[in-house]
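>>> attaching a predicted model along with its sequence, questions to come.
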Amino acid sequence: MLLYLSMVLIVPVLYGAFYKNEYRDRIILVTVCSLMFILLALRKPFSDLLVYEGIYKNLKEVSFSSMIKDFHLIKISEISGVEWGYTFICWIFSNIGLHFQLFLVLESAFCVYCIYNFIDKNSVNLPLSIALIVGFGIFDYMYVIVRQTMAFGFLLLSFEASKKRKPILFLILVIVAAMFHRAALVFIVVFPLSYVPVTMLNVAILSVASLLLIPLYPIISRLVLNNVMALFSKQGYLNATFEFSELIILIAAIIVFLMVFMNRQNTIEDREKTAFWAFFVALPLQAVACYLSILGRLSTLMYLPFASVAIPNLLETNENKKLVKLFEVLIYLAALAYYAFCLFYDKRLLEIVPYRLFFMD
């Protein structure tokens, strides 16, 4: 567990060691991302990864013509039972003789690079952003949820297109992401939302509407979700058992915090608006996840990470810089405490503790 916590604990250590270095923040970002990559690349396949490894090896026997005939944008591949985009990538690497462990190395490099690029280009506080990425548990999910993690990488790339108002490129990247995990299609709503002003009224209206999804779930399930889940052949995930998630409190608390402490008198740039609304999508998803648990993973891995930029950037708009610094420290400590709690008590049922190297039994 300390191995994982060290990625958050090392942030203030490096901050102090390189305090007067002009490249301090980037040194911290590069160091933590390097640790993330090493741990991901050297992990031993377990849990869902064993299933992915089986798919990977079986694809070596599949012909190119069979792969092309199996092409689908939304439906899962009949050959592998997962999305066609992920299947095709695995088919390519397995047929050139790349071992599955080396495939995980490339997958890890792609995903960590996307995180690095996203934070480096968009955050005003690189150390806090990378600490939040780890603290929120996004890194933990990257161990086993390979398809969704790769889809998330493409969504991070699509964020740049949305920020720069390039709808065609944004749509292409979201579709590519959906070919690795169909749930990525939900990200399409981020583009129109990025034009919505981040005001107290707009946020309050959408927050109330999001939380109303909890009592209205039976109606929504009957009118909408049944058809959507049938389209994706996921009816088995539907259930009527309510199970409250603490993530709703976390997401709502972040939203309230940003509304209280950001300076709403200043014009918020497109980057900040896009990051805020991309993160905000986690709230309605998590509300529905109280009944449809699979959406909890979607909100955590694909939308909560955008808070890592929204929090420091919107907090920085506050003119009281002493207050900003104080809350940056408090936010870091809160992220560390939350991550420690999840590792020691919750564990997210991911079986990542203890850490296992691929070359050790």
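Here it is on my side, so go on. Numbers count the residues shown, from 1 in each chain.
>>> C-alpha from now on. contacts and neighbour counts both.
OK.
>>> wait, what's in contact with I10?
I10 is in contact with V32, counting by C-alpha atoms under 8 Å, 6 or more residues apart in numbering.
>>> what about 7 Å?
Listed by C-alpha atoms under 7 Å, 6 or more residues apart in numbering, the contact set of I10 is empty.
>>> wasn't it part of a helix?
Yes. When classified by DSSP: H, G, I helix; E, B strand; the rest coil, I10 is found to be part of a helix.
>>> mind checking pLDDT for it?
With respect to pLDDT, I10 scores 96.
>>> could you do L223 as well?
68.
>>> ok, I172 - contacts?
Going by C-alpha under 7 Å, 6+ apart, the list of residues near I172 is empty.
>>> measure it to S162 for me?
Counting by C-alpha to C-alpha, to the nearest Å, the gap between I172 and S162 amounts to 11 Å.
>>> likewise G97?
With the distance defined as C-alpha to C-alpha, G97 ends up 37 Å from S162.
>>> do F187 as well
For F187 relative to S162 (C-alpha to C-alpha), the value is 11 Å.
>>> ok, L104 touching A41?
Yes. Under the criterion of C-alpha atoms under 7 Å, L104 makes contact with A41 at 5.9 Å.
>>> specify the local secondary structure of L157.
helix.
>>> name the element the closest residue to Y143 other than its chain neighbours belongs to?
Counting by C-alpha to C-alpha, 6 or more residues apart in numbering, Y143 lies nearest to L40, which is 6.4 Å off, once chain neighbours are set aside. Counting by DSSP states H and E, the element that carries L40 is helix 24-41.
>>> and P354, how many neighbours does it have?
Close neighbours of P354, defined as other C-alpha atoms under 10 Å, add up to 10.
>>> does it belong to a helix, a strand or coil?
P354 is classified as coil under three-state DSSP.
>>> give the next helix or strand downstream of the worst-scoring helix or strand of the chain on mean pLDDT.
Lowest by mean pLDDT, DSSP states H and E among the helices and strands of the chain is helix 226-231, with a mean of 62. Next in sequence after helix 226-231, counting helices and strands by DSSP H and E, comes helix 246-261.
>>> which of G97 and S162 has more neighbours?
Set G97 next to S162 and count neighbours by other C-alpha under 10 Å: S162 wins out with 24 against 10.
>>> wait, the more buried one touches F170, no?
Yes. Between S162 and F170 there is a contact at 5.8 Å, judged by C-alpha under 7 Å.
>>> phi, psi for R43 please.
Main-chain torsions, R43, degrees, to the nearest 10: phi -70, psi 150.
>>> what residues are bridge-paired with it?
As for beta bridges, R43 partners with L357 under DSSP bridges.
>>> neighbours around it, how many?
The number of residues near R43, taken as other C-alpha under 10 Å, comes to 21.
>>> then L285?
Here the number of neighbours of L285 (other C-alpha under 10 Å) works out to 25.
>>> contacts only, for it.
295, 299.
>>> in space, what's closest to K164 - neighbours in sequence excluded?
Nearest non-adjacent residue to K164, counting by C-alpha to C-alpha, 6+ apart: D270, 7.9 Å away.
>>> ok, N117 - contacts?
By C-alpha under 7 Å, 6+ apart, N117 lies in contact with nothing.
>>> for it, helix, strand, or coil?
Taking three-state DSSP, the label given to N117 is helix.
>>> could you measure from it over to L247?
For N117 relative to L247 (C-alpha to C-alpha), the value is 26 Å.
>>> good, we can wrap up now.
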